[in-house]
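S.K.: Prediction below, plus the sequence it came from.
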Amino acid sequence: MKAEYIGLPLIKDDAAKQFELTVEGHKSFIRFNETPHHITLVHTEVPAALEGKGVGTTLVEKTLEYIEQSGKTLIPLCPFVFAYIKRHPDWKRIVDPGFKGFDH
């Protein structure tokens with residue numbers, strides 16, 4: 001995570017079902033579905049103005065930290081999140097044991 005993004009708050013908007021991070025006036029988000037036991041991340045979107053600045057990675061990292069602290073497990077259906085976890089396999093520790101996507 002880039003140093004300039006560390007202090008930015010991750011917002012969990014339950015009504016919109018998305019985790020949000022605002023950088024330079026632009027909102028990036030990850031859409032989610034939630035049950036009492038896990039959070040499924042389904043889609044990540046970063047505005048074109050922020051692409052290539054590490055915002056997407058920061059959003060994923062902050063979201064994974066939130067999920068870990070919540071005690072829930074993760075189902076990473078979003079291709080961006082899935083790819084991030086493949087590059088950082090230590091995050092598999094929060095992936096729901098029923099998710100078999102990394103086995104292929």
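M.R.: Right, received. Where do you want to start? Since we're looking at a predicted model, the values are computed, not measured.

S.K.: May I have the secondary structure class of the nearest residue to residue 60 once chain neighbours are set aside?
M.R.: For residue 60, ignoring the flanking residues on the chain, the nearest one in space by C-beta to C-beta, 6 or more residues apart in numbering is residue 84 at 4.8 Å. The way it works is simple: take the backbone N, C-alpha and C, and place the C-beta from them, glycine included. Following DSSP: H, G, I helix; E, B strand; the rest coil, the label given to residue 84 is helix.

S.K.: I'd say residue 84 and residue 59 touch.
M.R.: No: here residue 84 lies out of contact with residue 59, judged by C-beta atoms under 8 Å, at a distance of 9.9 Å.

S.K.: Which one of the two is surrounded by more residues?
M.R.: Higher neighbour count among residue 84 and residue 59: residue 59, with 28 against 21, using other C-beta atoms under 10 Å.

S.K.: List the residues that contact that one.
M.R.: Listed by C-beta atoms under 8 Å, 6 or more residues apart in numbering, the contact partners of residue 59 are 10, 19, 21, 28, 29, 30, 44, 46.

S.K.: In contact with the third one, which residues are there?
M.R.: Counting by C-beta under 8 Å, 6+ apart, residue 21 makes contact with 5, 8, 9, 10, 11, 27, 28, 29, 55, 58, 59, 62.

S.K.: beta partners of the fifth one?
M.R.: Think residue 11. The bridge-partner assignment for residue 11, based on DSSP bridges, gives residue 20.

S.K.: The nearest residue to residue 12 once chain neighbours are set aside - how many residues pack around it?
M.R.: Distance criterion C-beta to C-beta, 6+ apart; nearest residue to residue 12, sequence neighbours excluded, is residue 19 at 5.6 Å. Taking other C-beta under 10 Å as the neighbour definition, residue 19 ends up with a count of 24.

S.K.: For the spatially most central residue of the chain, what is the enclosing helix or strand?
M.R.: The residue lying closest to the centre of the chain (C-alpha atoms, centre = their mean) is residue 60, at 3.3 Å. Residue 60 is part of helix 55-70, with elements assigned from DSSP states H and E.
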